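Trainee: Quick one, what's the 3D model for this:
(2 chains)
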There are 2 protein chains.
Amino acid sequence: MSSKNRLIYLPLGGAGEIGMNAYVYGYGPADNERLILVDVGVTFPEMENTPGVDLIFADIAWLEARADRLEAIFITHAHEDHVGALGLLWPRLKAPVYTRAFTGNIAARKLEEKGQDPSIIRVVAAYPEKIKAGPFTVSFLPVSHSIPESSGMVIDTPAGRLVHTGDFKLDETPGVGDPFDPALWAEVAGKGVKALICDSTNVFSPNAGRSESSVGPAIRQLVQKAEGMVVATTFASNIARVKTLAEAGRDAGRSVVLLGRAMRRMVEAGVESGVLTDFPTTVPPEDAVSIPRDHLMLIVTGSQGERRAASAQLSRGKYLGLSMKEGDMFLFSSKTIPGNEKGVIHIVNAFSEMGVDVVDDAADLYHVSGHANRPDLETVHKIMKPQMVVPMHGEHRHLREHVKLAAENGFAAAIATNGTMLDLSGKAPRVVGQIEAGRTYLDGSVQIGALDGIVRDRIRLALNGLVMVTLIIDEDDEPLGEPWVELKGLPETGSSNAALAEVLEGDLAQLIARADDKTLADDDKLEDLLRRRTRQVALQEIGRKPEVVVVISRLVA
Amino acid sequence: MSSKNRLIYLPLGGAGEIGMNAYVYGYGPADNERLILVDVGVTFPEMENTPGVDLIFADIAWLEARADRLEAIFITHAHEDHVGALGLLWPRLKAPVYTRAFTGNIAARKLEEKGQDPSIIRVVAAYPEKIKAGPFTVSFLPVSHSIPESSGMVIDTPAGRLVHTGDFKLDETPGVGDPFDPALWAEVAGKGVKALICDSTNVFSPNAGRSESSVGPAIRQLVQKAEGMVVATTFASNIARVKTLAEAGRDAGRSVVLLGRAMRRMVEAGVESGVLTDFPTTVPPEDAVSIPRDHLMLIVTGSQGERRAASAQLSRGKYLGLSMKEGDMFLFSSKTIPGNEKGVIHIVNAFSEMGVDVVDDAADLYHVSGHANRPDLETVHKIMKPQMVVPMHGEHRHLREHVKLAAENGFAAAIATNGTMLDLSGKAPRVVGQIEAGRTYLDGSVQIGALDGIVRDRIRLALNGLVMVTLIIDEDDEPLGEPWVELKGLPETGSSNAALAEVLEGDLAQLIARADDKTLADDDKLEDLLRRRTRQVALQEIGRKPEVVVVISRLVA
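Mentor: Numbering: from 1, shown residues only, chains lettered A, B, ... in the order given. Got it, this is the predicted structure:
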C-alpha cells in the first residue's frame, strides 16, 4: 500500500446504464482515501428481468464497509435516479447529506418514508458557498435540467478541481429553476479543471438542445383550440413544464386540476422551497366534477403509462369522479422512455376507444429533453477545458461515444463503468481497480442481491409453471399412499386428454411402487427420481418441463 | 333469421392490434353465409403479459364451429403475422389453402413443422387468375411490401367487389418482388369497388413512403468505407434488403455469409420459388473463419434483439466460430418494433463493450418501412374509389385515424375491431354482431385460452413468489407432526432475522395446535386458515403477500 495520496473516481451506479446514479470520489493514501458520495438513486424494475421487485439501486457493500471514511453525501438534484435510494441506504452509510433547498425538500420525504430522520439533511446555498468534507471542498454549481435546482458539483481537492456535471442541459430560459450561466461556468473553469465528469445520456443527439421555453407557444396554441376537456401529462418533477401546462390552461379560460399524488407533491415542494412562484390557481378534483368539461384542464401523472398513475386510471374509466370521452384531448408532453412503449400505447388505444384525441410528441412540438446533446457537451468541454473527461450517466454505448467525442477534441478520456476505479491524479484517467458493483433489489421490505437467485426462481416459475409433488414415507421407509400432485400455471389437460395431475399421479405411483429400498430410504435420491420423472411426463403431455418441488414427509417411529 | 343474402366482414385478429391477422368474409343468408378466411397469423409473447407462452394467435372457435361453411383460406403473404398459425389451426378448419408461389413455399414449411400435409396448399398465379370459392371469386393482386409476392385480395361477390389490401406499400422499385402497378390497380378499380379493406399500420406517418431501392446507395457507401468485419441485420423475410446488403458486401470485395436459420431459409425459399435471382454467391460460416475479417460481410438474423438469434449470439461472444471485435461494424438495417427496445439496446451495449461501431437507422438512411403511409393510403383510396373504407391491421388508434382520414375524403367508413361483424351489403358498413374473439396461446404443445387463468397464475408466481405448506392429518383428524414450509422465489430471511421458512413453521404449528376439531376435520377451512396466516406472517417478515399452496394429506384408517 502506497502512502502517496491519490484522487479516485468510482462509479457504483449510473455508469453503464441510465438510472441508479451513485458516484464515489476519494482522496488520500491508496486504499485509505477519504470518500464522498455523489447521488444515491434508484432504477425501476420491470416484468422481464425483475418481476415482483419494488426498487433497484446500487450495491453499496464496498462503500458500507468503508463508511467510517465517508465524509459526506451530496445530491445533485431530486430525480428518483439520483435521490430515490436515500431513505433505504442512508442507515447503512450515516454520513451528512448536503442538498440545495428544493432537492432537500424531496430528499427529506424520501427519508421520512423509510422512517429516517429528515433533519440529517443540510440544506446549503449554491456556489460560491463551500462545504468542507475532509480533503474535499464542494460547491453546488447551478445548471438547467428538467427539474429545478439541478446542480453540478465543483469538487476541489489537493490534486485539483473536479467538475461533476450531474444531469444537465444548456438552457438559458428554463422557465423554473436556474438558467445555464456560461459566465458562471467560465468562472469555475478559470482556475483550471483537472477532470470533467460529465452526463452522457444524449451524446447521440446530433443537434443542440432546445430550451424549455420553446414548448410554451405550441402547448398554448393546442390548448387554446381544444374543444372538450384537456388532459395533459408530463413528469411531475418537470415543474417548469407543469407550470407551462397550467398557464396554457388558465389562459384558455380553463380551471386547472392537478391529478396524481406526485403531481401535487412536486408543486408543493416547489412552492415550499421557493423555486416555484406564480403558479396558477388550481381546483381540487372534487370541485372539478361540477365544472363544464370544456372549462377544465387536468394535469396528470403517468406519462410513462404506469398502471397505477392518473393517466392509466383515466384510460380505464372514472378517476376521482372524472372521466374522458369523445371530443376530449389527451396530450403527452413527454417522451416515452425505452421499455415503456407498450404501457403507453396501451393507454393511447384505450383513449382511442373512448373517442379521445391523443396528441403525442411525434412532431417534437410539445416536449424537450432535459439533457445536453452532443454539441452542448462539446460546449461544456470547451468552457471547462479540463485535463481529462470522464463520461458518466449513460449506457456503455453512450460512455464510449462520449470518450470518442472528447478524444476528437483533444481531451484525455476513459470509459469507466460501475465498479471500475479510476485514478485521476495523473495526466489521464487510469484504471486502478475493479470492485464488485452489482445491484440491490428492494423486494417487499427486504434488500436482496440481484444475484441471490430469488428473482431468477420467480422468472422460472413464470416461464415454466410449477408441479408440486408430495409423498409420505412411513416409519418403515415404505410409501404411505401414493404421490400427490398439484399444478400451478400449467394446462390442466395434455396430449392424453386426461387431467395432467392424474396422469402424473398415476405414473409416479407406479414409479414409487418399483423403487428399491435404498432409494426410498434416501430423500435426495427419491426427490431426484420424482422430479426427473415429473418433468419427463410433463414434456410428453404438455410439451414443456415445469419447475418441480418435491416434498417428502417422513413419519418417525 | 332472414333469408336475404348479406355480405359480412368479421376480423378475428389484426383489427385492434398489429399482428395475428385473420379476417373472415361471408356471403349468403344471415347466419348461414358461406365463408372464406384471409390470413392466419401469429403474434409473439413477451414476459410482461404472456410469460412462458410460445405463440399467440386468434381464437378461431367461432370459425371452427362453422368450418363446414368455410370454402377456402387465402394467405396474402408469408410474414409470420399472416401465415404463422397455419400449421396449428389448419387441422381445426381443413379448408383448401390458396397462396402464390413464394408464400406457398413458406406456408408448406409451416404445415410440415406441425406434422400437416403441405400438399393441401394450392399455389396459384396472380390476377387476373381467378379462384372460385363458393359465392366468392378471388384473385391475388400483386403489391409491394417488405417481403416478395405480397398481395391484395380482389374478392368478387354477388354484392360487389371487395379489395382487401393485405399489408402493402406503394413501391414502384422494390428490388425483389412485384412493384406497385398503379395501372393494374386502376384496372381492378374500374368495375367499381364496394369496399376497400385497408392496411392501417402507418396511418400516422405523415410523409409518402420511400422505395426499398432508396436505401441501396447509403448501405453501399457505408460498407465500402468500413475497415473491419461488417455485420448487418434485417428481417430475414425482407429478401430485397438481404439482397441489397449482400450486393453491397460483394461490391466492396467481401465474402458474403448468411447467419441464422431464418436467413438461409428465406433466401432458399426466394430462389426455389423463382422470386429471387442473381443473389450474390455466399460462403458457409465454416469457411468464413479462414477469411480475413476485412473481407467479410455477415448478414444475420436478430434485428429485434431476439435472444437466440445470430446477432444476440455474436453480442455474447463466438457464434459458429465467428466473433466481433474492435474496429468491426454492426449495422441495424431495420427499425425496432415497440416492445423490443430493451433487447436491442442490450445487444448494442454488448457490442459497444467489444469496441464494435454500431450503426442504426436513427438518421433514416438504412431502412424503409414496408407499409403505406398516410399519403399512400389516400392514393389508394383515390385509385379504388370504394363505396366504403374498412380499416384493418392496426391498433385501435390506427383504425380510428384511418376512419377519420377516409371520412375527410368523403368515404363511408367504420371501425371494426376483432369480433365485430360488419354487414357490407348496404351503402355504409353496419355493425351487425359481436362475437367473442379472444386469443389462443400455444403453451408448450397445448393450445390454451388467454382467459383460462393459467398464464395469470404464472404471472402471480413471478410477482409474488410462492410458499408451499404441507400438513399431515392422521386417522383421528389430529395433526401428525407440524406444518412443513417450502419457499420458492422469496427471500430466505425477513425482519426477525431468522429463516423465513422456520418463522412460518413455528407460527403455523402454534396455529394448528390451537385449531378446533371442526377446522381440523374440514380441508377447506384448514387450508384457508393456513393460507391466510402464511400471507399475514410473510407480510410482517418480508413485506409481501406470496402465493400460497396448501397441501393437506389425510391418512385414512
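Trainee: just for the stretch 1-150 of chain A, where's the confidence low?
Mentor: A:1-3 (pLDDT under 70).
Trainee: Excluding residues flanking it in the chain, which one is nearest the residue in it that chain B sits nearest to?
Mentor: For the stretch 1-150 of chain A and chain B, the shortest gap (CB to the nearest CB) falls at residue A:51, measuring 3.8 Å. Heads up, the C-betas are built off the backbone N, CA and C, glycines and all. Excluding its sequence neighbours, the residue lying closest to residue A:51 (CB to CB, 6 or more residues apart in numbering or on different chains) is residue B:462, at 3.8 Å.
Trainee: Could you list every helix and strand in contact with the helix or strand hosting residue A:247?
Mentor: In this structure, residue A:247 is located in helix A:239-251 according to DSSP states H and E. Here helix A:239-251 touches helix A:216-225, strand A:255-259, helix A:261-272, strand A:296-300, going by 3 or more CB pairs under 8 Å, 6 or more residues apart in numbering or on different chains; DSSP states H and E.
Trainee: so can I have TSV of the ones you listed showing distance to residue A:237, mean pLDDT and mean neighbour count?
Mentor: Below are the helices and strands packed on helix A:239-251 laid out as TSV (distance: least, CB to CB, whole Å; pLDDT from 0 to 100; neighbours: other CB atoms under 10 Å in any protein chain shown):
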stretch	distance to residue A:237	mean pLDDT	mean neighbour count
helix A:216-225	18	97	16
strand A:255-259	13	97	23
helix A:261-272	5	95	19
strand A:296-300	13	98	28
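Trainee: how long is stretch A:163-173 from one end to the other?
Mentor: Terminal residues of stretch A:163-173 lie 23 Å apart, using CA to CA, to the nearest Å.
Trainee: So which bits of that stretch are buried?
Mentor: Buried residues in stretch A:163-173, counting neighbours by 16 or more other CB atoms under 10 Å in any protein chain shown, are found at A:163, A:164, A:165, A:166, A:167, A:168, A:169, A:170, A:171.
Trainee: and the fourth one, helix, strand or coil?
Mentor: In this case it means residue A:166. Here residue A:166 is coil, with the state taken from DSSP: H, G, I helix; E, B strand; the rest coil.
Trainee: residues in contact with the closest residue to it other than its chain neighbours?
Mentor: Nearest residue to residue A:166 in three dimensions, chain neighbours excluded: residue A:76, at 3.3 Å (CB to CB, 6+ apart). By CB atoms under 8 Å, 6 or more residues apart in numbering or on different chains, the residues touching residue A:76 are A:38, A:39, A:82, A:103, A:140, A:150, A:151, A:152, A:153, A:164, A:166, A:167.
Trainee: now do residue A:346
Mentor: A:305, A:315.
Trainee: Please list the residues of the stretch 201-350 of chain A that sit near chain B.
Mentor: With CB under 8 Å from any CB of the partner chain as the criterion, the stretch 201-350 of chain A comes near chain B at residues A:204, A:338, A:339, A:341, A:342, A:345, A:348, A:349.
Trainee: Just the buried residues of the residues you listed.
Mentor: A:339, A:341, A:342, A:345, A:348, A:349.
Trainee: average pLDDT for the longest helix seen in chain A?
Mentor: Identified as the longest helix of chain A according to DSSP state H is helix A:523-542. Across helix A:523-542, the average pLDDT comes to 97.
Trainee: what does that helix contact?
Mentor: By CB under 8 Å, 6+ apart, helix A:523-542 touches A:467, A:469, A:471, A:473, A:483, A:485, A:490-491, A:494-496, A:500, A:503-504, A:507-508, A:511-512, A:515, A:518-520, A:544-546, A:548, A:550, A:552, A:554, B:443-446.
Trainee: Tell me which of the residues you listed fall in helices.
Mentor: A:500, A:503, A:504, A:507, A:508, A:511, A:512, A:518, A:519, A:520.
Trainee: Which one (most neighbours) among those residues?
Mentor: residue A:504 (25 neighbours; other CB atoms under 10 Å in any protein chain shown).
Trainee: Pull the contacting residues for the closest residue to that one other than its chain neighbours.
Mentor: Of all residues not flanking residue A:504 in the chain, residue A:485 sits nearest, at 4.5 Å (CB to CB, 6+ apart). By CB under 8 Å, 6+ apart, the contact list for residue A:485 reads A:467, A:468, A:469, A:501, A:504, A:505, A:508, A:534.
Trainee: confidence score at the fourth one?
Mentor: In other words, residue A:501. With respect to pLDDT, residue A:501 has a value of 97.
Trainee: Model confidence for residue A:557, exactly?
Mentor: pLDDT, residue A:557: 65.
Trainee: Quick one: residues contacting residue A:81.
Mentor: A:14, A:18, A:19, A:20, A:21, A:41, A:42, A:43.
Trainee: what's the burial count for the residue of the stretch 451-557 of chain A found nearest chain B?
Mentor: Scanning the stretch 451-557 of chain A for proximity to chain B using CB to the nearest CB identifies residue A:543 as nearest, at 2.8 Å. Residues lying near residue A:543 (other CB under 10 Å) number 16.
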